[in-house]
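Asker: what follows is a predicted structure for the sequence shown.
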Amino acid sequence: MHSSTIGFLLLLLLAAAWCDIRSRRIPNLLVFPGAIIGVLLHALLPQETGGVGILGSLAGLGTGLALLLPLYLLRIMGAGDVKLMAMTGAFLGAQPTVGALLCVLLAGGVLALGAALLEGKLRLLWRNLNVMLLEALAGGVMTGLPVSGKPGEAVGGAVAESTAESAAESVGSLPYGVAIAAGTMAYLAIARWN
């Protein structure tokens, strides 16, 4: 990848992470022009110098969008995060976007663990992960499990609350733009050394 492309991408990612930390929003005024810049750079750069061409750039944009859109639809991730990953894809191309997303998801997991640890919510995070895993293994239907105010304790033989309700307490929200920036930078560093 051409150094000017990497430079523009890194500046945009750092700006998005900063905005996400400060306001928990990633502005459209950053990601839309950023995506256009990514496509234009690849349209102008010869493929011999690291350009992926206009079609490759658009494929990367679509890949970034398509991979995170289901998480937005499930309300796991914000729309700004999805648009930021699409913009990142416009700079990287389709195949590198998939690799970058794997690094982004790992960075997001580390960020979530760190935030839960700092806020003293590691036990709640672990409980929520266990409930999600059990529900996934049971096909999404977990009814009738005895859960009360104290985990694992039934009250008079009656079900005090459903499993989904017991996991409803959120550990908190994360500025996922930070994970997208960190994961993409890690991917670029790994790709540079290989």
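Answerer: Yep, that arrived. Numbering: from 1, shown residues only.

Asker: can you tell me how far the nearest residue to Leu106 once chain neighbours are set aside sits from Asp81?
Answerer: Spatial nearest neighbour of Leu106, excluding adjacent residues (CB to CB, 6 or more residues apart in numbering): Gly183 at 6.5 Å. For every residue, glycine as well, the C-beta is placed using N, CA and C. Applying CB to CB, to the nearest Å, the value for Gly183 to Asp81 is 12 Å.

Asker: could I get the average pLDDT for the longest helix along the chain?
Answerer: Counting by DSSP state H, the longest helix found in the chain is helix 94-118. For helix 94-118, mean pLDDT rounds to 92.

Asker: and the helix or strand just after that helix, how far out from the chain's middle?
Answerer: With elements assigned by DSSP states H and E, the helix or strand that comes after helix 94-118 is helix 122-137. Distance of helix 122-137 from the chain centroid (CA atoms, centre = their mean, to the nearest Å) equals 19 Å.

Asker: would you mark the buried spots in helix 122-137?
Answerer: By 16 or more other CB atoms under 10 Å, the buried positions in helix 122-137 come out as Leu124, Leu125, Arg127, Asn128, Val131.

Asker: what does the pLDDT read for the fourth one?
Answerer: Among the per-residue scores, Asn128 holds a pLDDT of 75.

Asker: give me the neighbour count for Gln47.
Answerer: Neighbour count for Gln47, taken as other CB atoms under 10 Å: 10.

Asker: okay, Leu44 and Leu124: tell me how far apart.
Answerer: 49 Å.

Asker: could you list the low-pLDDT ranges of this structure?
Answerer: Applying pLDDT under 70 to the chain flags the ranges 48-50, 139-172.

Asker: can you rerun that using 90?
Answerer: 1-5, 43-53, 71, 74-77, 109, 112-174, 192-194 (pLDDT under 90).

Asker: domains of this structure?
Answerer: Domain assignment for the chain by automatic domain parsing gives 3-117+174-193, 122-166.

Asker: now Thr5: which helix or strand?
Answerer: Using DSSP H and E, Thr5 falls in helix 3-23.

Asker: with only the CA atoms kept, save that helix in PDB.
Answerer: What follows is helix 3-23, C-alpha atoms only, in PDB (Å, rounded to 0.1, in the frame of the first residue of the first chain):
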ATOM      1  CA  SER A   3       2.600   5.600   2.000                       C
ATOM      2  CA  SER A   4       0.200   8.500   1.200                       C
ATOM      3  CA  THR A   5      -2.800   6.200   1.400                       C
ATOM      4  CA  ILE A   6      -1.600   4.900   4.800                       C
ATOM      5  CA  GLY A   7      -0.900   8.400   6.000                       C
ATOM      6  CA  PHE A   8      -4.400   9.700   5.100                       C
ATOM      7  CA  LEU A   9      -6.000   6.600   6.600                       C
ATOM      8  CA  LEU A  10      -4.100   6.900   9.900                       C
ATOM      9  CA  LEU A  11      -5.000  10.600  10.300                       C
ATOM     10  CA  LEU A  12      -8.600   9.900   9.700                       C
ATOM     11  CA  LEU A  13      -8.600   6.900  12.100                       C
ATOM     12  CA  LEU A  14      -7.000   9.000  14.800                       C
ATOM     13  CA  ALA A  15      -9.400  11.800  14.300                       C
ATOM     14  CA  ALA A  16     -12.400   9.400  14.500                       C
ATOM     15  CA  ALA A  17     -11.000   7.700  17.600                       C
ATOM     16  CA  TRP A  18     -10.600  11.100  19.200                       C
ATOM     17  CA  CYS A  19     -14.200  12.200  18.300                       C
ATOM     18  CA  ASP A  20     -15.500   8.900  19.600                       C
ATOM     19  CA  ILE A  21     -13.700   9.200  22.900                       C
ATOM     20  CA  ARG A  22     -14.900  12.800  23.400                       C
ATOM     21  CA  SER A  23     -18.500  12.600  22.200                       C
END
